[in-house]
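>>> Sequence and computational prediction follow.
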Amino acid sequence: MSKLEARDVNLFFGAHQALKNISLQMEKHTVTALIGPSGCGKSTFLRLFNRMNDLHNDMRLSGTILVDNKNIYQRSADVDALRKKVGMVFQKPNPFPKSIFENVAYGLRINGVRNKNYIEERVTRSLQQASLWDDVKDNLNRPALQLSYGQQQRLCIARALAVEPSVLLMDEPTSALDPASASTIEELIYELKIKYTIVVVTHNMQQAARVSDRTAFFYLGELVEYDETKIIFTHPTHQRTQNYVTGRFG
Amino acid sequence: MSHIDIETGRLRETLKELMMLTTQQIRKSQDVVFNFDKELAREVIFYEKHINSLELKIDRDCENILALLNPVAVDLRFILATLKINPSLERIADNAESMVRYVLEMKEPYDSELMRQIKLREMFDIALSMLSDVYTAFTTEDTRIARNVLLKDDLLDEINMVAAHTAEAFIKKNSALTYQSLFVLSNVRKLERVGDQNKNIAEEIIFYLEARVLKHSKPGGI
């Protein structure tokens, strides 16, 4: 059984068709990279898995999106529970103007957790998982906005991990970071896949090659090719994929 | 034209130059062997240095492209293939040099009947035809021509297989020519290796163009 699956998905924003007949499956504990030129639909596709596109009033969807084999767009679907299960990290770090501790604890508190010991334990564990604990353990009450950009992104990852999701969606998580911070996040992705299923949108071909097990190439709303990353970057089947990964268009 | 196109284009031209020079070395070594031309032998040895420096340049260029341009897909396969074609060409040229050095050691030309019986001229012709094919296959990106090279290697292997028996029979009848018979037999072995190197080059061209690995595959798999 796949962890995440799209079946015959077509997505419209008003008259514009953003995704065309997409079908693909993502297995548990794998990293999938979504690549393609700007506007190809990769971020839109990513956002289907935690229903972020619902924020657009003119969105229309046909086909099925499954998480753990459950259709997350059926009427009875619990969107809050879905977003707890499917965490998201954005391009730019977006910590709340609160302390480091409160940033990580935020998700737990809004989910009704009151047990102080449990919250402390989850905050510590999440910061450790996000490779931030050693940097901040001496002063968890420090304002999150005082952290460096790279640390803020790791804090956002810790915040997403605190509510114990099983899927992490990452939309260009390192594009705003310096190379050293980006490298830390890449190592983190590699470590986190032991526990999580991760989907990463990236414009960085080398990053896709380094961190992912499988890669999906999108172009003009279509899924051109989806295969093992090592195949996509050594002998892709489609000429358009080859042209894109070799930097000849896009 | 993208940056990587420019760099791989330059590398392609250098590799073509090495292919042409290597072919010339084998062609000249054939003339040296058949015409006992010691002057030409010295020219072959002189050009060997140039070939060695080209080999080093190609290695350096490949390293730079790998480090600086992160090639993937067809570009990566081209670089990987070049890294293997490069030493194969250099070894072919080494064989040409070895064959002309034998001539420099000789006091008189090889016996023409011995060379006829051993089929040395056929071997040179097949080796040169293989070199011509790999050059054409590489420049025109035609894997059908590369596949022909694999078949031609079998012809060289067949001649090589019987060469020792032929030389033995010749030596029994012409014991005074034992010394040069051993040199001719060494030439046969060198040309057999030239065939193997050409085959390796053809396999790398197919890998680069089709992403298919033919190494160690059975004859039907080509």
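Okay, I see it. Not measured: the values here are computed from a predicted model.
>>> Show me what secondary structure element comes after whichever strand or helix holds residue A:155.
According to DSSP states H and E, residue A:155 maps onto helix A:149-162. Using DSSP H and E, the helix or strand that follows helix A:149-162 in sequence is strand A:167-171.
>>> for that following strand, the distance to its chain's centre please.
Put simply, strand A:167-171 sits 1 Å off its chain's centre (Cα atoms, centre = their mean, to the nearest Å).
>>> now do stretch B:88-99
7 Å.
>>> ditto for stretch A:26-39
Counting by Cα atoms, centre = their mean, stretch A:26-39 comes out at 9 Å from the chain centroid.
>>> Quick check: end-to-end length of that stretch?
By Cα to Cα, to the nearest Å, the extent of stretch A:26-39 from end to end equals 22 Å.
>>> What residue in chain B comes nearest to chain A?
Nearest residue of chain B to chain A: residue B:211, at 3.3 Å (Cβ to the nearest Cβ). All C-beta spots, glycine's among them, are computed from the backbone N, C-alpha and C.
>>> Who are the contact partners of that residue?
Contacts for residue B:211 were tallied using Cβ atoms under 8 Å, 6 or more residues apart in numbering or on different chains; they are A:234-235, B:77.
>>> closest to residue B:90 among these?
Using Cβ to Cβ, residue B:77 comes nearest to residue B:90 of those, at 20.8 Å.
>>> Which strand or helix spans the closest one?
Here residue B:77 is assigned to helix B:73-105, by DSSP H and E.
>>> CA-only coordinates of the helix or strand just after that helix in CSV, if you can.
Sequence order places helix B:112-118 as the next helix or strand after helix B:73-105, per DSSP H and E. Extracted C-alpha coordinates of helix B:112-118, given in CSV (Å, rounded to 0.1, in the frame of the first residue of the first chain):
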residue,chain,number,x,y,z
SER,B,112,57.1,-11.7,-46.1
GLU,B,113,56.0,-15.4,-46.3
LEU,B,114,55.9,-15.5,-42.5
MET,B,115,53.7,-12.3,-42.4
ARG,B,116,51.5,-13.8,-45.1
GLN,B,117,51.0,-17.1,-43.3
ILE,B,118,50.3,-15.3,-40.0
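>>> ok, now how distant is residue A:56 from chain B?
Using Cβ to the nearest Cβ, to the nearest Å, residue A:56 is found at 35 Å from chain B.
>>> Spatially nearest residue to that residue (excluding sequence neighbours)?
Closest residue to residue A:56 apart from its sequence neighbours, by Cβ to Cβ, 6 or more residues apart in numbering or on different chains: residue A:13 at 5.7 Å.
>>> Enumerate the residues of chain B near chain A.
B:2, B:4-5, B:70-77, B:211 (Cβ under 8 Å from any Cβ of the partner chain).
>>> Going by neighbour count, which of these comes out on top?
Among the residues of chain B next to chain A, residue B:75 has the most neighbours (other Cβ atoms under 10 Å in any protein chain shown), with 24 neighbours.
>>> sorry, back to before: so which of the residues of chain B next to chain A is the closest to residue A:139?
residue B:70 (39.8 Å).
>>> The residue nearest to residue A:69 when sequence neighbours are not counted and residue A:25, how far apart?
Leaving aside its sequence neighbours, residue A:69 sits nearest to residue A:1 (Cβ to Cβ, 6+ apart; 5.5 Å). According to Cβ to Cβ, to the nearest Å, residue A:1 and residue A:25 sit 9 Å apart.
>>> cool, residue A:218 as well?
In this view, residue A:218 and residue A:25 are 16 Å apart by Cβ to Cβ.
>>> my guess is residue A:169 contacts residue A:89, does it?
Yes. Counting by Cβ atoms under 8 Å, residue A:169 does reach residue A:89; the two are 7.2 Å apart.
>>> one step back: residue A:218 and residue A:25 - which one has more neighbours?
More crowded of residue A:218 and residue A:25, by other Cβ under 10 Å: residue A:218, with 26 against 15.
>>> So that one is in contact with residue A:42, correct?
Yes. Between residue A:218 and residue A:42 there is a contact at 4.7 Å, judged by Cβ under 8 Å.
>>> list the residues that contact both of the two?
A:34-36.
>>> low-confidence ranges in chain B?
Across chain B, the ranges flagged by pLDDT under 70 are B:218-222.
>>> Helices along that one, start to end?
Assigned by DSSP state H, chain B shows helices spanning B:3-35, B:38-69, B:73-105, B:112-118, B:120-140, B:143-173, B:178-210.
>>> Including distance to residue A:17, could those go into TSV?
As requested, the helices of chain B are exported to TSV (distance: least, Cβ to Cβ, whole Å):
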stretch	distance to residue A:17
helix B:3-35	34
helix B:38-69	36
helix B:73-105	29
helix B:112-118	72
helix B:120-140	42
helix B:143-173	40
helix B:178-210	36
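>>> So which bits of chain A are right by chain B?
A:205-206, A:209, A:232-236, A:241-242, A:245-248.
>>> so which two of the residues you listed are the farthest from each other?
Once Cβ to Cβ is applied, the residues of chain A next to chain B give A:206 and A:235 as the farthest pair, at 17.7 Å.
>>> more neighbours, these two?
Neighbour count, other Cβ under 10 Å: between residue A:206 and residue A:235, residue A:235 has more, with 19 against 12.
>>> ok, that one touching residue B:77?
Yes. If you go by Cβ under 8 Å, residue A:235 and residue B:77 touch, sitting 7.0 Å apart.
>>> bridging residues for the spatially most central residue of chain A?
Centroid-nearest residue in chain A: residue A:169, 1.5 Å away (criterion: Cα atoms, centre = their mean). Taking DSSP bridges as the rule, residue A:169 bridges to residue A:88, residue A:199.
>>> Next up, the contacts around residue A:244.
A:35-37, A:217, A:219, A:250.
>>> again, only using 10 Å
Taking Cβ atoms under 10 Å, 6 or more residues apart in numbering or on different chains, we find residue A:244 in contact with A:35-37, A:40, A:205, A:217-219, A:224-225, A:232, A:236, A:238, A:250, B:73.
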